[in-house]
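[1] could you look at this predicted model? Sequence included:
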Amino acid sequence: MHVQMKSLSDDTVKVSMVSKFSGKNNTMELPIRPMEFHRLVSRWKNTGEYIQDVFPMLNEDEREFLVSGMTPEEWDACFPEEA
């Protein structure tokens, strides 16, 4: 997982990742403090804990972005809901 992070404010980071689905570089703003983000990414990568346990403050779309680099739009295109 290659993550680029930029601090936007004291409590928001902008994360860029390559999507495992499209190969496209995607960006998402996450509501988390920069230092906490670094600490929790390290914990997640090094302990094998479930992402929902390490990042309970993020929603499902935000956590999926950290796992796969996929945006909600890409997810919907890849896995359309059955009508």
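    Now that the structure is in, tell me what you want to look at. Please read all numbers here as calculations on a predicted model, not as lab measurements.
[2] separation between the residue nearest the centre of the chain and Met17?
    In the chain, the centroid-proximal residue (C-alpha atoms, centre = their mean) is Leu66; its distance is 2.4 Å. Going from Leu66 to Met17 by C-beta to C-beta, to the nearest Å gives 7 Å. From N, CA and C alone the C-beta is placed, and that goes for glycine too.
[3] picking that back up, return the set of buried residues in the helix or strand harbouring the residue nearest to the centre of the chain.
    Here Leu66 sits within helix 60-68, counting by DSSP states H and E. Neighbour counts over helix 60-68 (16 or more other C-beta atoms under 10 Å) mark Glu62, Arg63, Glu64, Phe65, Leu66, Ser68 as buried.
[4] hang on, the first one packs against Phe37?
    Read it as Glu62. No. Contact criterion C-beta atoms under 8 Å: Glu62 and Phe37 do not qualify, at 11.1 Å.
[5] now list whatever residues contact both of the two.
    In terms of C-beta atoms under 8 Å, 6 or more residues apart in numbering, Glu62 and Phe37 are both contacted by the residues Leu30.
[6] ends of stretch 42-53, how far apart?
    From its first residue to its last, stretch 42-53 covers 14 Å (C-alpha to C-alpha, to the nearest Å).
[7] and that stretch, what's buried?
    For stretch 42-53, by 16+ other C-beta under 10 Å, it's Trp44.
[8] what sits up against that stretch?
    For stretch 42-53, using C-beta under 8 Å, 6+ apart, the contacting residues are Met1, Val54, Phe55, Arg63, Leu66, Val67.
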